[in-house]
Structure formats: structure tokens, C-alpha cells
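1. structure for the following, please:
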Amino acid sequence: MLGAVATLAGPPACAADVPAPKKVFIIPIREDIDQPLVFLVRRGVKAAMEAKADALILDMETNGGRVDTTEELIKVLGQFKGATVTYVNQKAFSAGAFIAFATQKIYMAPQSVIGAAAPILMAPGGAGIENMPDTMEVKTVSAISALVRANAEKNGHNVEVADAMVKKTKELKVDGKVLNEKGQILTLTNKEAEEQYGNPPKPLLSLGTVETLDALLEKLGFTGAEQVRIEPTGAETIGFWLTAIAPLLLIIGVAGIYIEFKTPGFGLPGVVGIIAFALYFLGGYVAGLSGLEWVAVFAVGLLLVALELLVFPGTVVLGGSGALLMLVAIVMGMVDFYPGMPSVPSLPQLKLPMTNVVIAAAGCAVVIWALSRVLPKTTMFSTMVSQAASGVESVKSLESARSAHLGQTGTALSTLRPGGKAQFGEEILDVMTQGDLIPKGKPVRIVAFSGTEAVVEAVG
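-> Numbers count the residues shown, from 1 in each chain. Predicted coordinates:
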């Protein structure tokens, strides 16, 4: 009755007054800390930021992994501005402990453990740390210890505990009780991690033991919250390999398109080139770096270049604009953007794509030079030209047609820089000079053939 009276006493609640349900994103960490996991976490963080999630929870069970990957993961997690929580579901060893210190709160499941975070160096051939120089071990441990301490301090965790999990030389003594002796690496059970010390009492590391994720959400005040679990798709491993060979994919793509433009018709080289570029953009998409919109930008650029070469030769604006769009798409396809970031990438964001572009440019220059010298002399090239031209025309008849063109004079239909088109009677041919620039409308003479292009010189 009291509830009914209260309802009648006031105006009806508007829909706008009802708070939106809270959103919690959960990212499972069930594998070693390696690059594919970065793609999973990056995808989860960006989705959480896009959805304006209230909290991001790492459901952790890992033996650890690579330190460089861990540093990258910590940077990715730092992009999320809401609450971050690590739930140690069973174990958070080594790199897993590093990542836990990078979140604001740590909770643990019953019989779970965290720690053993000292780095293990491996020499070439698999030799252990005992065969590595002492200075290298000291430097590595010092650097990692500083990283972990910085994240522990930032998120309000016990810095001494973090240090003892990394350094064997660290003795951890709290309230007169030695929790870790020198020569040992600190590892804590859930009970040890939640034990309170100091005045006022404060948990050593964990804020409590909870049975399940649902119990954790209730404890955090997210009962009834919308839960989004970012599941691994298996594509993360594919994305790892595609991004690793990104420069090679660019080289294959450019080489394929180059051969396609040098031969009549459309055939296997063009298909291979397009597939290579598609895999390049797919790698960036799976890695969570960028969206597929840059594929459309690249396609528009490629179309403009094709129009310049095949339909409107000499219109530099088309080809130049197309080439610029393709370059922008290739770079932006590997830029790591987060929701809310400026649309213009910073220099650190451009480091990876520009490295790919520089490597690919050097490789493309070598490949194109080699193709321009070797390909026209091969049987494969002659066969490709022959099949594309008529399907039955022989290499012998093609050579005969070339001989008939030698010495012919015509008119340049576009400025030859050095390539372009020229008209000889009723026939329009792809031509190139021997390095000279020949203006549009200038008389030219065919002096040789290079591949499918007639080599010309200015007349008069």
C-alpha cells in the first residue's frame, strides 16, 4: 500500500529519467601472452570505448608470455578510461601479473595464484639465463621492474609487492613479517593476496576472493548490467601472420598490378595483385587497427590510375590523385585508431605503416626493375601476351606484327613522360621514349619494342 501511495503522489516517471543499463565488457585471457592476444584485447577495448562501457574486466588464466607483447597490451588497456578490473580465475603468472598491475582493481577466484613475474631470458639456440651476461639480466630485470612498479603506483597497488614478484634480490617484509625472502620470487595465493596489513588495514594485493564472474559483477555494483564478452575468433592468429608479412603483400600486390598493366587483357597477375592487397587490408582489420573503409579508398585510387593509363592518357590529375589515394589507404589501413582520437594520426601511430611502406617501396623498386628487364624476354611473357591478345595468336605472329610497326611514324596523343599513347594511322599504341620527354602532338617514330610497348623517338 505504501508503494501504491508513493506512486500516485508523484508524476509518472519519464523514459528519459530512467538510467540506461550499465555495460560491462569482459575479455578472456586464456592463452600465453603473444601478439594474437593483442589483437583480441585491442578489439575488445575499442568496442568498449565505442559502447561507452562502464567497466572492462580481464578474465585471466595464463602462464605468462612475451615482455614486448605485454608492454603493448598495457598501452592498449591504457586507452580505456572507465573502470578496469583483473579477475584471476586460476593463475596470473609472469606477464599475466604485469597486466594485472595495469588494471585498477584485482580480484581472485578460490585457489588461484598470482606472481612469479621474473623475466626469463633466452639466448640464441635456447640457452637459459645462466648463460647470458650478468649485465643483460640486470638491465632487463631493472627495466621490467620499473614498468611494473609504475603501473602498480598508478593504480594504487602495493609497489613493494610488485617489485618482489620481479626481483629475486627483493625481500618483502610487512608488519615485521617476512613474506618473501631474498633469492625467491614472490607468488601469492588468493588468501595471501587478500590478507590485510598496516594501519589502517589494507589488502596486500587482491581486494577479495569471489567464486564467479557473476559474483564479481555483483560485488562491483554491476548487478543486471549488460555483459559483452569478447571471444577469440581464431582470426587473430591469421591477422598476426598477415601483419607480419604486410610489406611482402604490398610488393606482391604492386608487382601483380604492374604486370597486368604491361600485358593486354586481364589475367592471373592482376588477380594475384588484387588478392595480395586484399590480404594486406584484411590483416589490418583483423588486428583491430582500422576499418574496411580504406579498401574502398584504395579501390577508387586504383580505378583512377587505370583510367589514366587506359582511357585518358596524359591526364596527370587522374593518375596522381589515384596514386595518392592508394598511398593514403595503404598507410591508414595499418594506423591504430581509438574512438575519440583525432582523425589525423600522430607520428607514433604512423610508425608501423610507414615502416611497411618504406620496406615495400624498396622491394617494389627492385622487383619492377627486374621485371622490366627480364619479363619481356621470357617465354611466359610472350605466352601471356599471345593468349591475352587473341587466345590463339602465336608468338611468331606477334613478332611479325612488331616488325611491321618498326619505322612507322605517328603522333603523340599525350605528353610522353616517358610513357603514354601515340597514334599510327588508325591504330593507337602504348609507347615509351628512351628517357626523353616528348610533348603531346609531336611526331614520333617507332624504333624498337619493350614488352608490349613501342619505343619511340621524336621526329624532327
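
2. from here on, just use CA atoms for contacts and neighbour counts.
-> Will do.

3. which secondary element of the protein has the worst mean pLDDT?
-> With mean pLDDT, DSSP states H and E as the measure, the helix or strand of the chain carrying the lowest mean pLDDT is helix 2-9 (a mean of 40).

4. what's the first helix or strand after it?
-> Taking DSSP states H and E as the definition, the helix or strand that follows helix 2-9 towards the C-terminus is strand 23-29.

5. for that following strand, which strands pair with it and how are they oriented?
-> When sheet partners are counted by DSSP bridges, strand 23-29 sits next to strand 55-62 (parallel), strand 226-229 (parallel).

6. how far off centre is that strand?
-> With CA atoms, centre = their mean, to the nearest Å as the basis, the distance from the averaged C-alpha position of strand 23-29 to the chain average is 21 Å.

7. buried residues in it, which are they?
-> For strand 23-29, a neighbour-count test (16 or more other CA atoms under 10 Å) marks 23-29 as buried.

8. want to throw those residues into a markdown table with pLDDT?
-> Converted to a markdown table, the buried residues of strand 23-29 look like this (pLDDT from 0 to 100):
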| residue | pLDDT |
| --- | --- |
| Lys23 | 92 |
| Val24 | 95 |
| Phe25 | 95 |
| Ile26 | 95 |
| Ile27 | 94 |
| Pro28 | 93 |
| Ile29 | 91 |
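
9. reformat these as JSON lines; add distance to Val455.
-> Conversion of those to JSON lines gives the following (distance: CA to CA, whole Å):
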{"residue": "Lys23", "distance to Val455": "67"}
{"residue": "Val24", "distance to Val455": "66"}
{"residue": "Phe25", "distance to Val455": "63"}
{"residue": "Ile26", "distance to Val455": "64"}
{"residue": "Ile27", "distance to Val455": "61"}
{"residue": "Pro28", "distance to Val455": "62"}
{"residue": "Ile29", "distance to Val455": "61"}
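
10. relative to Val286, which of the residues you listed is nearest.
-> Taking CA to CA as the measure, Val286 lies nearest Ile27 of the buried residues of strand 23-29, at 16.4 Å.

11. show me the contacts for the closest one.
-> 41, 44, 56-59, 229-231 (CA atoms under 8 Å, 6 or more residues apart in numbering).

12. for it, give its distance to Glu171.
-> Between Ile27 and Glu171 the distance is 34 Å, computed by CA to CA, to the nearest Å.

13. what about stretch 434-445, start to end distance?
-> Across stretch 434-445, first to last residue, CA to CA, it's 12 Å.

14. buried residues of it, list them for me.
-> Along stretch 434-445, the positions that meet the burial threshold by neighbour count (16+ other CA under 10 Å) are 438, 440, 442-445.

15. those: which two are farthest apart?
-> Between any two of the buried residues of stretch 434-445 (CA to CA), the greatest distance is 13.9 Å, for Lys440 and Arg445.

16. quick revisit: in a markdown table: the strands paired with strand 23-29, plus distance to Ala162 and mean pLDDT.
-> Converted to a markdown table, the strands paired with strand 23-29 look like this (distance: least, CA to CA, whole Å; pLDDT from 0 to 100):
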| stretch | distance to Ala162 | mean pLDDT |
| --- | --- | --- |
| strand 55-62 | 18 | 94 |
| strand 226-229 | 29 | 92 |
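
17. and the ones you listed, which is most packed in?
-> Compared across the strands paired with strand 23-29, strand 55-62 shows the largest average neighbour count, a mean of 22 (mean count of other CA atoms under 10 Å).

18. ok, residues contacting the helix or strand that that strand is followed by?
-> With elements assigned by DSSP H and E, the helix or strand that comes after strand 55-62 is helix 67-77. Counting contacts by CA under 8 Å, 6+ apart, the residues outside helix 67-77 that touch it are 33-35, 38, 41-42, 45, 95, 98-99, 102-103, 119.

19. ok, stretch 53-63 next?
-> 22-33, 45, 48, 82-96.

20. surely Glu260 is in contact with Gly270?
-> Yes. Counting by CA atoms under 8 Å, Glu260 touches Gly270, with 5.2 Å between them.

21. isn't Gly64 up against Ile99?
-> No. With contact taken as CA under 8 Å, Gly64 and Ile99 are classed as non-touching, separated by 9.6 Å.

22. hang on, Val85 is in a helix, isn't it?
-> No. Judged by DSSP: H, G, I helix; E, B strand; the rest coil, Val85 forms no part of a helix; its state is strand.

23. tilt between the one helix or strand Leu37 maps to and helix 67-77?
-> Under DSSP H and E, the secondary-structure element containing Leu37 is helix 35-50. With axes from the mean of the first three to the mean of the last three CA atoms, to 10 degrees as the criterion, the two stretches helix 35-50 and helix 67-77 enclose an angle of 10 degrees.

24. how about helix 35-50: buried residues?
-> Neighbour-count burial for helix 35-50, with 16+ other CA under 10 Å as criterion, is recorded at 35-49.

25. does anything pack onto it? Which helices or strands?
-> Helix 35-50 makes packing contacts with strand 23-29, helix 67-77, helix 235-244 when contacts are defined by 3 or more CA pairs under 8 Å, 6 or more residues apart in numbering; DSSP states H and E.
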